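Trainee: Give me coordinates for this.
(one chain, ligands or ions: 1)
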Amino acid sequence: MAAEHHAPPEPNHARRFGLIWLVASLIATPIVVLVVGPIMPPGNGSEQASGHVTDNTVLIGMATPVLLLVLLYLIYAIVFFRQPKGAALEGPAIHGDVRIQTTWIVVTSLLVLSLAAYGTVRLLEDGAGSGGGPSPVAVPSGYKLPVQVIGQEWMFTYRYPTYGGVETPHLVLPVNQMVELHVTSLDVIHSFWAYQLGVKADANPNTDNVVFVKPTKLQTFEVRCAELCGIWHGYMFDHGQVVRPAAFKAWIAEQQRRFAPVQKDLPSYSTKYIPEPTRRGG
Ligand SMILES: [Cu+2]
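Mentor: Prediction:
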């Protein structure tokens, strides 16, 4: 009976848990990166979209060991630190443990600062598919097809300045061509969001917001307004297409022919437009 009181010595929990966490992280992180990474949004519709997938994979890869640390410790504590029924004892509190405090500060600082550095480098590489204002810091080299995106309540239209400033109701882009989008608005604030192309840029009145995108896949993509802009905001969407260069040439020629009669009533191409207020009582 007396033997009951001689409890076995406590195992080294820190070492045992550390080992469990290390093994779990070494197994789970590659699986997450290799299996979950490739299906992360927004897909591979453009260079910018593929860049987002890479960035999301880096983030989820770094988050996996952190998440495992929290979850596994929770399970470990429930299993090994469970108090017998009726006991209201807490474990000894940890105060002023220099090793734990230092490790905590160093590891969390390294994680956050390395992600900040990574994000800055990636942003400067290609602008990451978001608007950089009228003179963006990151400008890709080589020829860029300029296309203007005009938001207004409640639709987007598109102008192609290198094709006589023709204005079209749908966005069609040639594949594997770097495009320089000039996003603006005629009235309130909108946001041009082509999800599959990894592009999202504010469409503000009297503003020329430049964003670059290089579609890499023949596809139909969605265009949505991503800024609450009035009562029909939810219906402010349409579909665009990425086509072969020859198909683009044929399409733009057809648009120029079709819209020639109304073209003369449009203001000439400009990076921004100041719409005249509606005349009343005339
Ligand atoms: Cu809108």
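Trainee: right, and residue 206 touches residue 274 too?
Mentor: Yes: between residue 206 and residue 274 there is a contact under C-beta atoms under 8 Å: 6.3 Å. From N, CA and C alone the C-beta is placed, and that goes for glycine too.
Trainee: Show me what the one residue in the stretch 51-200 of the chain that gets nearest to the ion is bridged to.
Mentor: Taking C-beta to the ion as the measure, the point where the stretch 51-200 of the chain comes nearest the ion is residue 190, at 3.3 Å. The partner list for residue 190 in beta bridges (DSSP bridges) reads residue 203.
Trainee: I'd like the average pLDDT over the helix or strand harbouring residue 74.
Mentor: For residue 74, the host element (DSSP states H and E) is helix 47-80. Mean pLDDT, helix 47-80: 95.
Trainee: burial of residue 100, as a residue count?
Mentor: 11 (other C-beta atoms under 10 Å).
Trainee: How about the contacts made by it?
Mentor: residue 94 (C-beta atoms under 8 Å, 6 or more residues apart in numbering).
Trainee: Show me what the helix holding residue 74 is packed up against.
Mentor: Contacts defined by 3 or more C-beta pairs under 8 Å, 6 or more residues apart in numbering; DSSP states H and E place helix 47-80 against helix 13-31, helix 98-126, strand 209-213.
Trainee: Wait, residue 153 touches residue 189, no?
Mentor: No: using C-beta under 8 Å, residue 153 makes no contact with residue 189, being 10.7 Å away.
Trainee: overlap in contacts of the two?
Mentor: Between them, residue 153 and residue 189 share the contacting residues residue 229, judged by C-beta under 8 Å, 6+ apart.
Trainee: What residues sit buried inside the helix holding residue 74?
Mentor: 47-53, 55, 57-58, 60-61, 64-65, 68-69 (16 or more other C-beta atoms under 10 Å).
Trainee: which of those sit farthest apart?
Mentor: 47 and 69 (34.6 Å; C-beta to C-beta).
Trainee: Quick check: residues of the stretch 101-250 of the chain near the ion?
Mentor: Counting by C-beta under 5 Å from the ion, the stretch 101-250 of the chain comes close to the ion at 190, 225, 229, 236.
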